[in-house]
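Colleague: Give me a 3D structure for the following:
(3 chains)
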Amino acid sequence: MNEVDVLVIGAGPAGMAAAMRAQESGARVAMVDDNWSAGGQIWRGVQNSHTRTPAGIRMFWGTQVVARGTAERTLLLEDSEKAFELAFDKLILATGAREIYLPFPGWTLPGVMGAGGLQALVKSGLGIQGKTVVIAGSGPLLLAVAAYLRKAGARVKLIAEQATTKAVSSFAFHMVRYPMKVTQATALKLSLHGVPYLRGCWVEAAEGEGRVQRVRLRQGRKSWTEDCDYAGIGYGLYPNTELAALLGCRLRTNAIEVNEWQRTSVDGVFAAGECTGIGGVDLSLIEGEIAGYAACGDTARASRLFGARSRAKRFAGALDRTFRLREELRTLPRPGTIICRCEDVQYEKLQQMSSFRAAKLHTRCGMGPCQARICGVATEFLFGWRTDSVRPPILPVRAGSLITRKEFQQESSITR
Amino acid sequence: MPENLTIEVNGCELPAKAGMSVAAALFQAGEFRFRISASGQPRAALCGMGICFECRVTIDGQANCRSCQILVRDGMVIRTS
Amino acid sequence: MVGAGIVGAACAKELAEAGLRVAICEQNGYAGGGATAAGMGHLAVMDDSDAQFALTSYSQSLWRELAQELPAEAEYLACGALWVAADEEELREVERKFRFYQNRNVPAEILDSKQLAEAEPNLRAGLAGGLLLTADSVCYPPCAAGYLTKRAAATGGNIFFGKKVTEVSESGVRLEDNTFLTAGLTVIATGAAAVRLAPEIDVHPRKGHLAITDRYPGFVRHQLIELGYLKNAHSTTADSVAFNVQPRVTGQILIGSSRQFGVEDAVAEGPMLSNMLARAIEYMPAIADLSTIRVWTGFRAATPDNLPLIGARPGYRRIYLATGHEGLGISTSLATASLLADEILGRDSAIPRSPYEPSRSVAVHA
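Modeller: Now for the predicted structure:
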């Protein structure tokens, strides 16, 4: 069995920072990520000082966590070839966040993607040169995605931000207190010159034959359509807490609860970054560093970062207030709009249900392979439902990977 | 420079580049129907990060593979439904 | 009616349609959330004993009638069941079963090794043969229970969801919020949890695990069960697993099964799951590479003689039991409802009721 001092789950900003600090403190460190390189979703394919993995850290790329292992302080992992267990002394969860998708008529059409989703596709090789794109949803990610796509050659028609002009302006005002953010914002503004940034505006519907060809937008009483090849629509981020929940870590308002040392309610398990609450990359880096130090018992160096963390958190608070989702978004689904995309469960079926569990058993909502990661967030927004408790496997897994008997693993490697 | 590869999508040979995800290669090839949903609708990648399972395709005979999480290999045989 | 699992729902519908004024108290906010949701939904005819055969066979005929009106979401699928013989010894058991079913006019066919491979190409090569029971079928139990509950409601029944019964007496039931519902008679149909309301009955939870895959249409065509299943199902003490795989209308594959006694924790157990899947893969090697999307557990209500308790609760005049169905609750729910209604209404029954009378169980263990 593999044995490390610190195991970090997720190689985004928080995970990378945690791993480097832990290694610096003398720990044997391993990292697991389902991608093929460091950077997480935000720095996918980016080369910078945070995404260069230091020698000596064992990297498990293209690897996902499936369940607890057979012994205490072990996890069952799966890559494209095999399943294996990894033993650790301390665990740092840096599982990040996923985009929030809110259902509207036509959101299931091919070509309608998340804003971050579209960016991820382009980063993984999709040519966007000359393609017409509409970016919509909410949050600062929209601007970053639009700028990225534009640089990659896309014709970004407009950015539709659901938050009001007033809210967004006050957010910009607050950013003055964060010099780094102002620089970033100025750079963004320059790269987005000429792209309309419409506030209080959202996509009401997507239309097209077999793929998205246009979206219908609304801004106040005005409604119109825009032609597009792709629509990138994301309504902010939602913490990935499934692994934490499986391990028994306490959650607080959808995020992993941590103390000042980034320690969760479970002994030996730390968490950092967006999975502990959405706060942006700067906060993720600081939390990751604190977690890395604290996991190695280096409280002196960890505590020196508390001040920086507090400042970064204020920015996170402003973020949250500014981009609060508006009520009108709850009224977008029509009776026939599909809410659960795995099982194609329509809005009208769900309206008759009293809870997520009732919906699951009686309409199949949330029964598919995404395990309610998409529809669970949507139905929480639409109906106020809470999803079921998390059970292993936390992601779909090859049946053979759940077999822990040694003799069988040998057999199966022959039969496969 | 990215290495040029050939993949087979629904029986047609298509060029692709090393390091590309299967999902990106499919869109690039103009294939917007990755799978047929439970009620018969065409679907393609949504999240691009392995969470939504909308991008499932059959790769080298194995059904239900997430195309956004798998990189193209030379000679890979991909089938959409 | 205490409980809106498949058994409670079926009983409520039967009694409501017979003209009784029925109320159902269900602790969950919906029907079929307990063992019903955890079960496979194999509607089987079984040959363990004459009594079990009579009940399962009668129930299957009732399911066939009901199938005409079941909504699509109940996912009724007449896929047939195939009992798989691994070797010559098990093949002799196939022959014995075949004669049993043939003598009772149940359609059955013996498949040789080659025919078995043609019928189920994903089974491992070299299996000895099998017994095909063409009349067996499967359904999605929570929606079947939901449908039966709606039928009861449509006939004037009152459904109280989210109401947990804490006490049952001759005059009615007490709810968790301390309200008392007066009833002329009460039926306890809460599966393994029935002992909380009727502590004297000999019903014990028997834990099971199941796993379900993503959609692979055509991968499995029949409900498949290894013949060794019976040995496992009969043991009343030892933990066991058996190859038991089912095709769903969705193209998903349901993988079972396991049996454990003396475990009350619902957590999915790695070692048990591991053994169960290993057994499945032993019979169907390609299962190893199928994407498994969910794993869950449930508790069967087991009795010492593997027969349910249907009828008057011993020592009471107005309390009835409908529990103890072990792994056959979905299969035998409709027959259970029919027999219970017959007893309550003083009607004759299609099959003898005595093997399932709760008094026989209590008498054995008093």
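Colleague: So which residues of the stretch 101-250 of chain C form strands?
Modeller: C:108-112, C:129-133, C:137-138, C:158-161, C:165-169, C:172-175, C:180-182, C:186-188, C:204-215, C:223-226, C:240-247 (DSSP state E, counting those that start in this stretch).
Colleague: go on, chain B?
Modeller: Using DSSP state E, the strands found in chain B span residues B:4-9, B:12-17, B:35-36, B:42-43, B:56-59, B:62-66, B:77-79.
Colleague: Next, format those strands as TSV and append mean neighbour count, distance to chain C and mean pLDDT.
Modeller: Any C-beta I mention is one placed from the backbone N, CA and C, and that applies to glycine too. Listed next are the strands of chain B as TSV, based on neighbours: other Cβ atoms under 10 Å in any protein chain shown; distance: least, Cβ to the nearest Cβ, whole Å; pLDDT from 0 to 100:
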stretch	mean neighbour count	distance to chain C	mean pLDDT
strand B:4-9	16	21	95
strand B:12-17	15	24	93
strand B:35-36	18	10	97
strand B:42-43	22	13	98
strand B:56-59	22	8	98
strand B:62-66	19	4	95
strand B:77-79	18	14	97
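Colleague: Turn those into a markdown table, columns for distance to C:Ala189.
Modeller: Shown next, in a markdown table, are these (distance: least, Cβ to Cβ, whole Å):
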| stretch | distance to C:Ala189 |
| --- | --- |
| strand B:4-9 | 54 |
| strand B:12-17 | 58 |
| strand B:35-36 | 41 |
| strand B:42-43 | 41 |
| strand B:56-59 | 40 |
| strand B:62-66 | 38 |
| strand B:77-79 | 48 |
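Colleague: A:Val168: which of these is closest?
Modeller: For the strands of chain B, distance to A:Val168 was read as Cβ to Cβ. The smallest value, 32.8 Å, belongs to strand B:42-43.
Colleague: Neighbouring strands - and their directions - for the closest one?
Modeller: If you go by DSSP bridges, strand B:42-43 pairs up with strand B:35-36 (antiparallel).
Colleague: Could you look up the SS state of C:Glu14?
Modeller: helix (DSSP: H, G, I helix; E, B strand; the rest coil).
Colleague: Can you say which of the strands of chain B is nearest to C:Ala312?
Modeller: The nearest among these, by Cβ to Cβ, is strand B:62-66 at 51.0 Å.
Colleague: and A:Val345, what is it in contact with?
Modeller: A:Ile338, A:Ile339, A:Ala359, A:Thr363, A:Arg364, A:Cys365, A:Cys375 (Cβ atoms under 8 Å, 6 or more residues apart in numbering or on different chains).
Colleague: give me the subset of those residues touching chain B.
Modeller: A:Ile338 (Cβ under 8 Å from any Cβ of the partner chain).
Colleague: Can you name the two of the contacts of A:Val345 that sit furthest apart?
Modeller: A:Ile338 and A:Ala359 (13.5 Å).
Colleague: higher neighbour count, these two?
Modeller: Taking A:Ile338 and A:Ala359 together and counting by other Cβ atoms under 10 Å in any protein chain shown, A:Ala359 has the greater number of neighbours (28 against 23).
Colleague: Show me the domain layout of the chain.
Modeller: I'll assume chain A. Listed domain ranges for chain A are A:2-98+A:238-319, A:101-235, A:333-383 (source: automatic domain parsing).
Colleague: wrong one, I was asking about chain C
Modeller: Split by automatic domain parsing, chain C gives C:6-72+C:140-203+C:305-365, C:77-136+C:205-300.
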